[in-house]
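Student: Quick one: sequence and predicted model below, then my questions.
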Amino acid sequence: MVDTKVSVSSFHDLIRYYIITMSIILITIVLGKRTWCQYICPMYIFNYIGMNIGSFLKLPSLKITCKSEKCTQCKRCTNNCLMGIEVADMVKNNNWNTKECIQCGKCLNVCKCDVLKRKWKK
């Protein structure tokens with residue numbers, strides 16, 4: 001890639017580039033929201049494997065916990081989530097889904113009611 005165009009050495013490379021690009025777009029359309037993050041991105045796979053190994057070995061890990069009774073449902077946490085997770089709904093139901101959360105902490109930073117905290121838990 002260069003600043004304004006695709007730099008390729010042959011016409012076949014250009015065709016290959018557009019096939020890969022269109023494949024990623026079609027996979028995203030078919031499989032839905034956060035397809036790249038959940039099915040293709042190696043970091044998600046490593047995170048998922050690490051969480052399962054930690055659970056199996058019963059190792060403590062840093063997790064986001066919530067106090068649902070303090071939540072005003074302003075949805076700042078949901079609007080600022082990098083992964084597009086419905087954080088406010090998880091807080092309301094007191095059901096934190098750690099499989100999708102990448103623990104970035106954006107929701108903690110924007111919450112004005114001090115609902116979300118990080119804790120070491122098994």
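Tutor: Yep, that arrived. Residues are numbered from 1 along each chain as shown.

Student: who touches residue 25 in this structure?
Tutor: When the contact criterion is C-beta atoms under 8 Å, 6 or more residues apart in numbering, residue 25 has no partners at all. Using the backbone N, CA and C atoms, a C-beta is placed for each residue, glycine as well.

Student: what residues are up against the nearest residue to residue 109 once chain neighbours are set aside?
Tutor: In space, not counting the residues next to it along the chain, residue 109 is nearest to residue 80; the distance is 7.8 Å by C-beta to C-beta, 6 or more residues apart in numbering. Residues near residue 80 by C-beta under 8 Å, 6+ apart: 106-107, 109-110.

Student: tally of neighbours for residue 107?
Tutor: Other residues near residue 107 come to 25 when the count uses other C-beta atoms under 10 Å.

Student: on contacts alone, who are the packing partners of the helix or strand harbouring it?
Tutor: For residue 107, the enclosing helix or strand under DSSP states H and E is helix 106-110. Contacts of helix 106-110 with other secondary structure elements, assessed using 3 or more C-beta pairs under 8 Å, 6 or more residues apart in numbering; DSSP states H and E, are made with helix 76-80, strand 116-121.

Student: circling back to that earlier point, now a PyMOL select for only the buried ones of the contacts of residue 80.
Tutor: Those of the contacts of residue 80 that meet the burial criterion (16 or more other C-beta atoms under 10 Å) are gathered into one PyMOL selection, given here:
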select buried, resi 106+107+110
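
Student: What are the contacting residues of the helix holding residue 107?
Tutor: Residues outside helix 106-110 that contact it (C-beta under 8 Å, 6+ apart): 64, 76-82, 87, 116-118.

Student: now swap in stretch 91-101 and tell me
Tutor: Residues beyond stretch 91-101 that count as contacts (C-beta under 8 Å, 6+ apart) turn out to be 34, 38, 48, 51, 63-66, 68, 71, 73, 77, 83, 85, 90, 115-116.
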